[in-house]
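Peer 1: Task: produce atomic coordinates for the following.
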Amino acid sequence: MDWYYVENGAQQGPINDTEFRDLQAKSVITPNTLVWRAGMAEWLPLARIQGLDAAVTPETAEQHGMAACAECGALFPQEDMISFRNSWICATCKPVFFQRLKEGAALPGQLVYAGFWIRFGAAFIDGIILIAVGTLTNLAVSAVTQFFSSDAVYFGSMFLSILLNQSVDIAYQTWFIGRFGATPGKMALGLKVVRPDGEPMTYMRAFGRAGAKIVSGIILNIGYIMAGFDEEKRALHDRMCDTRVIRTRQS
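Peer 2: Okay, here's the model as predicted:
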């Protein structure tokens, strides 16, 4: 039986049942989309046809016997879906989902943690950038202190250079991770810093993590090496700040 639906205020259709389900899977047709087919007295939201409240949302879906498909994100009645490891899969996405599972690919919503060596590569790129900035900082300090020859000024300039370079490093980490979730080095290699549930970082937590990295470094870099052995690839500063470094793209 053919279906009609409303999209952007315009009537679309007719489409058959298979096409209708495909559009649901792609979230073109949602529980709140107006639909009609022969035998209906009026246009109704799809959720109303299923005997549900038209205002069904992913947050309230379970109360109405519905669930969001882990693959396509569309809402469907749970009786028309399959449950797998606390995820719901719609009939349309079932073949794709299990093919991904068979191939060992990351499932939707599953975080893929970045290992030690790719994190090392990202840190290497960031290090080059920071060395370039640090060189300019050191030259500026030297230009100011070159007219003084006392030991106090010499050691003072060394301390000032170290302080400025460390401040630049913390500011660099805080701004990029707080704003984008990744430094330029991490961006280049498809990495991102997130919370354990995948939520984005705040500037305050990024600042705390930047400070915690100092701890990882002063203990002979053991804090960094921990990422190579931890089951979630966490370095010491990730443990301290409850963060994870994940891959945003697969190789």
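
Peer 1: can you pull out the strands in the stretch 1-150 of the chain?
Peer 2: For the stretch 1-150 of the chain, the strands defined by DSSP state E, counting those that start in this stretch cover 3-7, 10-15, 34-37, 44-45, 66-68, 75-77, 81-84, 87-90.

Peer 1: Quick one: those as JSON lines, columns for mean pLDDT, distance to residue 116 and mean neighbour count too.
Peer 2: The C-beta positions use only the backbone N, C-alpha and C, and glycine is treated the same way. Formatted as JSON lines, the strands of the stretch 1-150 of the chain follow (pLDDT from 0 to 100; distance: least, CB to CB, whole Å; neighbours: other CB atoms under 10 Å):
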{"stretch": "strand 3-7", "mean pLDDT": "84", "distance to residue 116": "48", "mean neighbour count": "18"}
{"stretch": "strand 10-15", "mean pLDDT": "86", "distance to residue 116": "50", "mean neighbour count": "14"}
{"stretch": "strand 34-37", "mean pLDDT": "81", "distance to residue 116": "52", "mean neighbour count": "18"}
{"stretch": "strand 44-45", "mean pLDDT": "76", "distance to residue 116": "51", "mean neighbour count": "17"}
{"stretch": "strand 66-68", "mean pLDDT": "73", "distance to residue 116": "35", "mean neighbour count": "22"}
{"stretch": "strand 75-77", "mean pLDDT": "70", "distance to residue 116": "40", "mean neighbour count": "22"}
{"stretch": "strand 81-84", "mean pLDDT": "80", "distance to residue 116": "31", "mean neighbour count": "15"}
{"stretch": "strand 87-90", "mean pLDDT": "78", "distance to residue 116": "29", "mean neighbour count": "22"}
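
Peer 1: Provide a list of residues in contact with residue 11.
Peer 2: Residues near residue 11 by CB atoms under 8 Å, 6 or more residues apart in numbering: 4, 5.

Peer 1: Now do it against residue 3, distance only.
Peer 2: Residue 11 is 11 Å from residue 3, where distance means CB to CB, to the nearest Å.

Peer 1: same question, residue 134
Peer 2: Residue 134 is 64 Å from residue 3, by CB to CB.

Peer 1: likewise residue 225?
Peer 2: Residue 225 is 59 Å from residue 3, where distance means CB to CB.

Peer 1: what does residue 158 give?
Peer 2: Separation of residue 158 from residue 3 (CB to CB): 75 Å.

Peer 1: Next: residue 203.
Peer 2: For residue 203, the distance to residue 3 (CB to CB) stands at 48 Å.

Peer 1: ok, residue 116 - contacts?
Peer 2: Counted by CB under 8 Å, 6+ apart, residue 116 has contacts 225, 227, 228, 233.

Peer 1: which of those residues count as buried?
Peer 2: Neighbour counting by 16 or more other CB atoms under 10 Å classes 225, 227, 233 among these as buried.

Peer 1: Return the closest of those with respect to residue 37.
Peer 2: Closest approach to residue 37 among the buried ones among the contacts of residue 116 (CB to CB): residue 233, at 50.9 Å.

Peer 1: What is the three-state secondary structure of that closest one?
Peer 2: With DSSP: H, G, I helix; E, B strand; the rest coil as the basis, residue 233 sits in coil.

Peer 1: Quick check: closest non-adjacent residue to the most centrally placed residue in the chain.
Peer 2: In the chain, the residue lying closest to the centroid (CA atoms, centre = their mean) is residue 198, at 5.4 Å. Excluding the flanking residues, the one nearest residue 198 by CB to CB, 6 or more residues apart in numbering is residue 111, at 5.9 Å.
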